[in-house]
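# below are the sequence and a predicted model; questions follow.
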Amino acid sequence: MTGNGPSGKTSAVRRQVLWGAGALVAAVCLPGVQAVAQQVQDFIEGPPVPDITPRKLSPHVWEIHAEDGFPTPENRGMMCNILFVVTSAGVVVLDSGASLQIGQMAIRMIKKVTSQPVVAVFNTHYHGDHWLGNHAFVQAYGDKLPIYALPGTIDVIKGAEGNLWRSLMERWTNQSTSGTQVVAPNQPVASGQTFQFGDVTLRMHHYGICHTPSDLCVEVVQDKVTAVGDIAMTNRIANIDDGSYPGTFKYYERLQAATGPQLWLPGHGEARRDLLATYGSFLAGIWEPCVQAVKDGKPESAAKAMVLKDPRVASRAGTMQGFDSNIGKYVSLAYLEAEKELF
């Protein structure tokens, strides 16, 4: 039978399809096309984040340290410390980073320290630089991986703000975090609750509104270290838009009473034993002049001048990341909260 019949037409179509597939494979093998394909892939899923060697902070706790204070195209969103606890029952991650790519880097670094699998993740609060990396961990360890957070954090991430943070991180990093999916925590925790992971006990702490209404601090009991998320920072002015100045001071007091002396591990900056004292002093240098200005009937502009002259603030103005761009807003927030407190 010739190729003019139905079966001949089918064979001709098959030959065309096979030829087209072969041509496509050959084209993809060309260096120029491969480069374009990689660019398309990078747009769909951003490029890998460079490795950061973990450093050991205590017998069980390691840190993948972030040098930069704010997300930029250059740092690809790597601006929040990632902590992990190596226990006899597996690895527990405290904050997963700002993207799929950062979480993937963290997994590579964990594997350099231990062959133990990740068995749990804790998210300290709902700001995206602390939880968007959850995607990498469920991708690597399955969607049944326990991811713990306070109920308020879970609710916010599941709401519109979860996707907002994903979009913002893409914008701030020039799409470096593309491909990251919103993966909300799946296990609620409560203040005072403890978890036993082999030879390590983790204790949960939450004492009201602070940096946000739902800031979780995680105490590694045996090591006398506590991860504090963003309730205190070493050398960066923290976002307090959703928080409270007097709430922060009360939180610090109750946290320290509950734990005793600790090595405090912040989400941004270096771990310090005096972290709550030093950052609390800075915040008091904003709050107390604003309270005094309100008592004296002075306007917000006068409160700002008083804050900038306060030695607790002035001594850090030249070195604190984000100071110039944020101090005006945070004086305004303090002034408004002082008005509410006093009247």
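Sure thing, it's come through. Numbering: from 1, shown residues only.

# ok, now which ones touch residue 211?
Shown in contact with residue 211 (CB atoms under 8 Å, 6 or more residues apart in numbering): 125, 229, 230, 231, 238, 239, 240, 242, 243, 248. The way it works is simple: take the backbone N, C-alpha and C, and place the C-beta from them, glycine included.

# one more time with 10 Å
Contacts for residue 211 (CB atoms under 10 Å, 6 or more residues apart in numbering) come out as 124-125, 127, 228-233, 238-244, 247-248, 251, 267.

# residue 158 too?
126, 182, 184, 185 are the contacts of residue 158 under CB under 10 Å, 6+ apart.

# now with 6 Å?
Residues near residue 158 by CB atoms under 6 Å, 6 or more residues apart in numbering: residue 184.

# again, but for residue 63
55, 57, 81, 83.

# SS state for the closest residue in space to the first one that isn't next to it in sequence?
Right, residue 55. Spatial nearest neighbour of residue 55, excluding adjacent residues (CB to CB, 6 or more residues apart in numbering): residue 63 at 5.6 Å. Under DSSP: H, G, I helix; E, B strand; the rest coil, the three-state class of residue 63 is strand.

# who does residue 63 bridge with?
residue 55, residue 83 (DSSP bridges).

# helices of the stretch 51-200 of the chain, start to end?
Ranges of helices in the stretch 51-200 of the chain, per DSSP state H, counting those that start in this stretch, are 100-113, 134-141, 151-158, 160-172.

# which parts of the chain belong to which domain?
Split into domains by automatic domain parsing, the chain comes to 55-273, 276-343.

# could I get those in TSV, plus columns for mean pLDDT and distance to residue 47?
Compiled in TSV, the domains of the chain are given as follows (pLDDT from 0 to 100; distance: least, CB to CB, whole Å):
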stretch	mean pLDDT	distance to residue 47
domain 55-273	97	7
domain 276-343	96	25
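
# any idea which of those domains is most buried?
Compared across the domains of the chain, domain 55-273 shows the largest average neighbour count, a mean of 20 (mean count of other CB atoms under 10 Å).

# run the chain-centre distance for it.
A distance of 6 Å separates the centroid of the chain from that of domain 55-273, by CA atoms, centre = their mean, to the nearest Å.

# which residues of the stretch 101-250 of the chain fall in strands?
118-122, 147-149, 187-188, 194-197, 200-205, 217-220, 225-229 (DSSP state E, counting those that start in this stretch).

# got those as a markdown table, with distance to residue 339 columns?
Shown next, in a markdown table, are the strands of the stretch 101-250 of the chain (distance: least, CB to CB, whole Å):
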| stretch | distance to residue 339 |
| --- | --- |
| strand 118-122 | 36 |
| strand 147-149 | 32 |
| strand 187-188 | 35 |
| strand 194-197 | 40 |
| strand 200-205 | 30 |
| strand 217-220 | 29 |
| strand 225-229 | 28 |
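
# what bridges to the spatially closest residue to residue 141 that is not a sequence neighbour?
Of all residues not flanking residue 141 in the chain, residue 118 sits nearest, at 5.4 Å (CB to CB, 6+ apart). Beta bridges link residue 118 to residue 91, judged by DSSP bridges.

# need the contact list for residue 118.
Residue 118 neighbours (CB under 6 Å, 6+ apart): 91, 93, 137, 141.

# for those, which one is nearest residue 215?
residue 93 (17.5 Å; CB to CB).

# got the contact list for the closest one?
Neighbours of residue 93 in contact, by CB under 6 Å, 6+ apart: 84, 118, 121.

# any idea how far residue 187 is from the last one?
Spelled out, that is residue 121. Distance of residue 121 to residue 187, given as CB to CB, to the nearest Å: 9 Å.

# and the gap between the residue lying closest to residue 181 once chain neighbours are set aside and residue 184?
Of all residues not flanking residue 181 in the chain, residue 135 sits nearest, at 4.8 Å (CB to CB, 6+ apart). Going from residue 135 to residue 184 by CB to CB gives 11 Å.

# circling back to that earlier point, dump the helices of the stretch 51-200 of the chain to a markdown table, plus distance to residue 324.
As requested, the helices of the stretch 51-200 of the chain are exported to a markdown table (distance: least, CB to CB, whole Å):
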| stretch | distance to residue 324 |
| --- | --- |
| helix 100-113 | 27 |
| helix 134-141 | 33 |
| helix 151-158 | 29 |
| helix 160-172 | 18 |
